[in-house]
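**Student:** what follows is a predicted protein model with its sequence.
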Amino acid sequence: MTFQFSVLASGSTGNAFYIGTDKEKILVDAGLSGKEMTRLFEEVDIDPGQLSKILVTHEHSDHIKGLGIFARKYNLPIYANEKTWKAMENSIGKITTDQKFLFNMEETKTFGDIDVESFAVSHDAADPMFYAFHHNGKKVALVTDLGYVSERIKKTVEGADALIFEANHDVEMLRMGRYPWSVKRRILGDSGHVSNEDCALALKDIIDDKTKRIYLAHLSKDNNMKELARMSVEHGLNDYGFSVGDHISLHDTDPKVPTPLYDVG
């Protein structure tokens, strides 16, 4: 039985994540145009017509840009919490009642043979939440768009076989960069985004013997680089006693190029 995922797109310009089994195929967020979303699925050789639903994390445009178009094209049900529905309804066009579903915060729903656990994150959106996916004793957790990693989040996602985890910015690049101070303060704040260093700091409390793969996600286009993020997180984890490369592998994500489908088993 397969349990596969691909980080279809990740970054400050657009985000989408696919996870599925033979029975259930889920898209999380559709933060690129409908045309781009279709292209991403083509690149990982998945027919979007076989998707069963879309889950939404929050209403920021880099997560819902193509949501309405994509859901209408493939007649897909959309799941989001109540505040997120209200915050995004003017941005996604007309969605019929039979496509609208509630997925509450801190709830676990069973979709086919996948159990999906939602959890709150600290981010400047209406009611942002992310997800951990469980299938046949395997676990994949998606954690981005958060200013800090709470103990509750750590407990929810610890022991995941694979983690898609935010490494948004290098603090020095951000401080020295061209953004106005108000934006810098937002990113650095408790409702902003996790830095490379804080990513490693959080991961040390989350990784266990089951954890094999970590995907560094939601990198800032202006305040980070793949090589820098990977190096910073690897050095941090090595300092905390984790041997990156032996037991754990680090992987890049990209705003336009999907990661190869990975079968968690």
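**Tutor:** Yep, it's here. A quick note: this is a predicted structure, and the numbers were derived from the prediction, not measured. Residues are numbered from 1 along each chain as shown.
**Student:** the lengthiest helix in the chain: which residues count as buried?
**Tutor:** When every helix of the chain is counted residue by residue (DSSP state H), the longest turns out to be helix 226-239. Residues of helix 226-239 classed as buried by neighbour count (16 or more other CB atoms under 10 Å): 228-230, 232-234, 236-237. In short, each C-beta sits where N, CA and C put it, glycine included.
**Student:** and T259, how close does it get to D145?
**Tutor:** Per CB to CB, to the nearest Å, T259 is found 18 Å from D145.
**Student:** out of those two, which sits in the busier spot?
**Tutor:** D145 (27 against 22; other CB atoms under 10 Å).
**Student:** now that one, what's its secondary structure?
**Tutor:** coil (DSSP: H, G, I helix; E, B strand; the rest coil).
**Student:** re the thing from before, what's downstream of the longest helix of the chain, the next helix or strand?
**Tutor:** strand 249-252 (DSSP states H and E).
**Student:** can you list the strands that the next helix or strand after that next one pairs with?
**Tutor:** Moving toward the C-terminus from strand 249-252, the next helix or strand (DSSP H and E) is strand 262-263. Sheet pairing of strand 262-263 (DSSP bridges) gives strand 3-9 (antiparallel).
**Student:** ranges for the strands of this protein?
**Tutor:** 3-9, 16-21, 25-28, 53-55, 78-80, 100-102, 108-111, 114-120, 129-135, 138-143, 162-166, 213-217, 249-252, 262-263 (DSSP state E).
**Student:** among those, which comes closest to R39?
**Tutor:** In terms of CB to CB, the element of these nearest to R39 is strand 3-9, at 9.6 Å.
**Student:** what residues does that closest one touch?
**Tutor:** 15-21, 31-32, 36-37, 40-41, 44, 46, 114, 133, 135-136, 138, 140, 162, 164, 215, 217, 253-256, 258-265 (CB atoms under 8 Å, 6 or more residues apart in numbering).
**Student:** narrow those to just the buried residues.
**Tutor:** 15-21, 31-32, 36-37, 40-41, 44, 46, 114, 133, 135, 138, 140, 162, 164, 215, 217, 253, 255, 258-259, 262, 264.
**Student:** any chance of the strands of the chain in JSON lines, with mean pLDDT and distance to W181 too?
**Tutor:** Formatted as JSON lines, those follow (pLDDT from 0 to 100; distance: least, CB to CB, whole Å):
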{"stretch": "strand 3-9", "mean pLDDT": "98", "distance to W181": "29"}
{"stretch": "strand 16-21", "mean pLDDT": "98", "distance to W181": "31"}
{"stretch": "strand 25-28", "mean pLDDT": "98", "distance to W181": "33"}
{"stretch": "strand 53-55", "mean pLDDT": "98", "distance to W181": "35"}
{"stretch": "strand 78-80", "mean pLDDT": "98", "distance to W181": "32"}
{"stretch": "strand 100-102", "mean pLDDT": "98", "distance to W181": "38"}
{"stretch": "strand 108-111", "mean pLDDT": "98", "distance to W181": "41"}
{"stretch": "strand 114-120", "mean pLDDT": "98", "distance to W181": "28"}
{"stretch": "strand 129-135", "mean pLDDT": "98", "distance to W181": "28"}
{"stretch": "strand 138-143", "mean pLDDT": "98", "distance to W181": "27"}
{"stretch": "strand 162-166", "mean pLDDT": "98", "distance to W181": "22"}
{"stretch": "strand 213-217", "mean pLDDT": "98", "distance to W181": "26"}
{"stretch": "strand 249-252", "mean pLDDT": "97", "distance to W181": "30"}
{"stretch": "strand 262-263", "mean pLDDT": "98", "distance to W181": "40"}
